[in-house]
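> Curious how this folds, go ahead:
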Amino acid sequence: MHFVKESDKIKITNIYSSNERSDMMKNLLSKMFSKKAKIQIEFCQNNLDRFLNEQTGADYGQFLSDPRIQYKEYECLSECKLCMKTPYAKVNGRIISSEDSQDLLNQLHDELK
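Numbering: from 1, shown residues only. Predicted coordinates:
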């Protein structure tokens, strides 16, 4: 930080090295022009408990570790009729449902492409 006095006011300026400026620019550009979009997935905990088993649970865990995915589990997503019948998730605010949890995972993979 560098202090510059201008009459009665003090102006604070940040002085960055060329490497810091370069890193800041790379970070900014990579965020702005990311090649692959991130997706946000919301799950109902009741639905997961109802339809997920140990095998598909491990597959979901591996899928959700992708850095392009942001996910959150809620106790309830207020889709009770759907929740009782089939596995589902909200992807970027849109509901995706399927016959079984493995098929839902396949659809989530397709959303990531």
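> tell me the domain boundaries of the protein?
The chain breaks down into these domains under automatic domain parsing: 2-32, 39-112.
> now the last one: mean pLDDT?
Spelled out, that is domain 39-112. Averaged across domain 39-112, pLDDT comes to 95.
> about what we covered before: most neighbours per residue, which of the domains of the chain?
The highest average neighbour count among these, using mean count of other Cβ atoms under 10 Å, belongs to domain 39-112 at a mean of 14. Quick note: C-beta positions are derived from backbone N, CA and C, even for glycine.
> Over to that one now: how far is its first residue from its last?
7 Å (Cα to Cα, to the nearest Å).
> ditto for stretch 89-101
Stretch 89-101 stretches 10 Å from its first residue to its last (Cα to Cα).
> Could you list the residues in contact with that stretch?
Contacts of stretch 89-101 with the rest of the structure, by Cβ atoms under 8 Å, 6 or more residues apart in numbering, involve 39-43, 51-53, 56, 60, 77, 79, 82, 86-88, 104, 106-108, 111.
> distance of A58 from C76?
Going from A58 to C76 by Cβ to Cβ, to the nearest Å gives 25 Å.
> Please read the previous query as pertaining to L105.
21 Å.
> show me where this structure has helices.
Secondary structure of the chain, counting by DSSP state H: helices at 18-32, 45-51, 54-64, 80-85, 101-112.
> Next, the contact list for I69, please.
38-41, 63, 112.
> actually L77, not the one I typed
42-44, 47, 83, 90.
> Kindly recompute the last result at 10 Å.
42-47, 83, 88-90, 95 (Cβ atoms under 10 Å, 6 or more residues apart in numbering).
> How about I41?
Counting by Cβ under 10 Å, 6+ apart, I41 has contacts 63-64, 69-73, 89-92, 96, 108, 111-112.
> what's the distance between the residue nearest the centre of the chain and I41?
With distances taken as Cα atoms, centre = their mean, the chain has Q70 as the residue nearest its mean C-alpha position (1.8 Å). For Q70, the distance to I41 equals 7 Å [Cβ to Cβ].
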